[in-house]
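Asks: would you be able to build a 3D model of this:
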Amino acid sequence: MTDDVTDGTGRPPEGAAGWRGWREATERALYGPGGFFLRPEGPVGHFRTSVHASPLFAAAVARLLVETAEELDTDEVALVDVGAGRGELTAGVLAAVPAGLRVRAYAVERAARPAGLDARVEWTGRPPEGVRGLLFANEWLDNVPVDVAEADEDGTVRYVQVRADGTERLGDPVAGPDAAWLARWWPLGGPGERAEIGRPRDEAWAAAVGSLAAGRAVAVDYGHLRDSRPPFGTLTGFRAGREVAPVPDGAGDLTSHVALDACAAAVRARGPVELTTQREALRRLGVSGARPPLALASTDPAAYVRALAGAGEAAELTARGGLGDFLWLSQRV
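Replies: Okay, the predicted model is just below:
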């Protein structure tokens, strides 16, 4: 990677062959015209989330929704699914909630409403204001575009610029609020160290939490904390079910892990905050991965097979080194 002259604003000058900061490039690739997430077919086939791994995940979120309703002492509660994809989680939760609990469901997504979605689901481009209930954001924050920074050979922290083919160069020094964020949350050391500047995610999460009048907000994502930041960042791509080099051409996903401790600090004034792993969170909600008793195979073989399959799915959702390592940021409002 080499240093190149920009116009002094961190942006490439006119005619600079398409050089952009990673935040702008990601925004265009994921959400611009023909962007990856706005295509009618959606991201199915490119990557798999906990929602797709097992219906046990939606059932666990349904139990969390019931707990939220009990805390609010109400039999009518809102479910706000932020980054809803094609509504898979929303539909799964509605199918799993017990009779007697009335749910006002909102799927928050920038793509168009998919055909065949449950008519009870309100499709919207932003979280509704002033609702009481559960706001749940599964693998949303990792797709909120951010800029990338890198320390050059002199130790100066600069924005990383990129073209549509994935070629990178270093731009202007990071300054202002971005520099302040890095100093607090992700200070860089020697040359070549990189960071994703998570300030836009802090702001996005604060806005999402601020939309709730009362209840609970939960963000689920691969994340990291200040004392264990990855020295070379986490920006990557996913295409056709495989992890690939990040290329902002709109043909695949672009994602990076989330500094969830910074997100937590941005909303701590709203109420109690808890940060835990998905393994711990799902076990509290009844997803344990424990094998069924062998005696069940003799008394009810069909039930044993079903329970064994469910245990396998639960084990995947809670596995160390996999989905179980996701972090859950829970905020009571």
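
Asks: give the rounded mean pLDDT of stretch 65-84.
Replies: Averaging pLDDT along stretch 65-84 yields 97.

Asks: correction: the previous question concerned stretch 172-179.
Replies: 98.

Asks: show me which residues of it are buried.
Replies: Within stretch 172-179, the residues that count as buried by 16 or more other C-beta atoms under 10 Å are 172, 174, 178. No exception for glycine: its C-beta is placed from N, CA and C like everyone else's.

Asks: over to stretch 61-76?
Replies: Neighbour-count burial for stretch 61-76, counted by 16+ other C-beta under 10 Å, picks out 61-66, 68-69, 72, 74.

Asks: now, these that are in helices?
Replies: The helices, defined by DSSP state H, take in 61-66, 68-69, 72 from those.

Asks: which stretches of the stretch 1-150 of the chain form strands?
Replies: Ranges of strands in the stretch 1-150 of the chain, per DSSP state E, counting those that start in this stretch, are 20-21, 76-82, 102-108, 121-124, 131-138, 147-151.

Asks: nearest to residue 221, out of the ones you listed?
Replies: Smallest distance to residue 221 across those (C-beta to C-beta): 7.9 Å, for strand 131-138.

Asks: okay, the angle between the closest one and strand 102-108?
Replies: 50 degrees (axes from the mean of the first three to the mean of the last three C-alpha atoms, to 10 degrees).

Asks: which strands and helices sit next to strand 131-138?
Replies: Judged by 3 or more C-beta pairs under 8 Å, 6 or more residues apart in numbering; DSSP states H and E, strand 131-138 is in contact with helix 55-72, strand 76-82, strand 102-108, helix 199-210, strand 212-221.

Asks: identify the residues contacting that strand?
Replies: Counting contacts by C-beta atoms under 8 Å, 6 or more residues apart in numbering, the residues outside strand 131-138 that touch it are 49-51, 61, 64-65, 68-69, 72, 74, 77-83, 89, 104, 106, 127, 205, 208-209, 211-221.

Asks: and for stretch 101-113?
Replies: Here stretch 101-113 makes contact (C-beta under 8 Å, 6+ apart) with 31, 37-40, 42, 65-66, 69, 75-87, 90, 93-94, 97, 117-118, 120-128, 131, 133.

Asks: picking up where we left off before, distance to residue 236 added to the ones in helices among the buried residues of stretch 61-76, as a markdown table?
Replies: Shown next, in a markdown table, are these (distance: C-beta to C-beta, whole Å):
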| residue | distance to residue 236 |
| --- | --- |
| 61 | 26 |
| 62 | 31 |
| 63 | 32 |
| 64 | 29 |
| 65 | 32 |
| 66 | 36 |
| 68 | 33 |
| 69 | 38 |
| 72 | 39 |
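
Asks: residue ranges with poor pLDDT in the chain?
Replies: Within the chain, the segments meeting pLDDT under 70 span 1-17, 41-48, 289-312.

Asks: centroid residue for this protein?
Replies: By C-alpha atoms, centre = their mean, the mean C-alpha position of the chain lies nearest to residue 139, the distance being 2.3 Å.

Asks: so who does residue 55 touch?
Replies: For residue 55, the contact set (C-beta under 8 Å, 6+ apart) comprises 92, 96.

Asks: just use 23 as the starting number from now, easier for me
Replies: Taking 23 as the first residue, the last one we looked at is residue 77.

Asks: residue 132: neighbour count?
Replies: Using other C-beta atoms under 10 Å, residue 132 has 13 neighbouring residues.

Asks: could you measure it against residue 54, distance?
Replies: Counting by C-beta to C-beta, to the nearest Å, the gap from residue 132 to residue 54 is 11 Å.

Asks: next one: residue 187
Replies: Distance from residue 187 to residue 54, by C-beta to C-beta: 16 Å.

Asks: do a quick rundown of the strands in the stretch 223-355 of the chain.
Replies: Under the criterion DSSP E, counting those that start in this stretch, the stretch 223-355 of the chain contains strands at 234-243, 245-246, 258-261, 264-266, 275-277, 280-281, 295-299, 349-354.

Asks: downstream of whichever strand or helix holds residue 191, the next helix or strand is which one?
Replies: Element membership of residue 191, judged by DSSP states H and E, is strand 190-195. Once the chain leaves strand 190-195, the next helix or strand it forms, by DSSP H and E, is helix 198-207.

Asks: check which helices and strands the helix or strand just after that next one is in contact with.
Replies: Later in the chain than helix 198-207, the nearest helix or strand by DSSP H and E is strand 216-219. Applying 3+ C-beta pairs under 8 Å, 6+ apart, one finds that strand 216-219 makes contact with strand 169-173, helix 198-207.

Asks: looking at these, which one is packed in the most?
Replies: Among the helices and strands packed on strand 216-219, judged by mean count of other C-beta atoms under 10 Å, the one packed with the most neighbours on average is strand 169-173 (a mean of 23).

Asks: give me the sheet partners of the next helix or strand after it and which way each runs.
Replies: Moving toward the C-terminus from strand 169-173, the next helix or strand (DSSP H and E) is strand 179-184. Partner strands and pairing direction for strand 179-184 (DSSP bridges) are strand 42-43 (antiparallel), strand 169-173 (antiparallel), strand 190-195 (antiparallel).

Asks: residue 247: what's it in contact with?
Replies: By C-beta under 8 Å, 6+ apart, the contact list for residue 247 reads 281-283.
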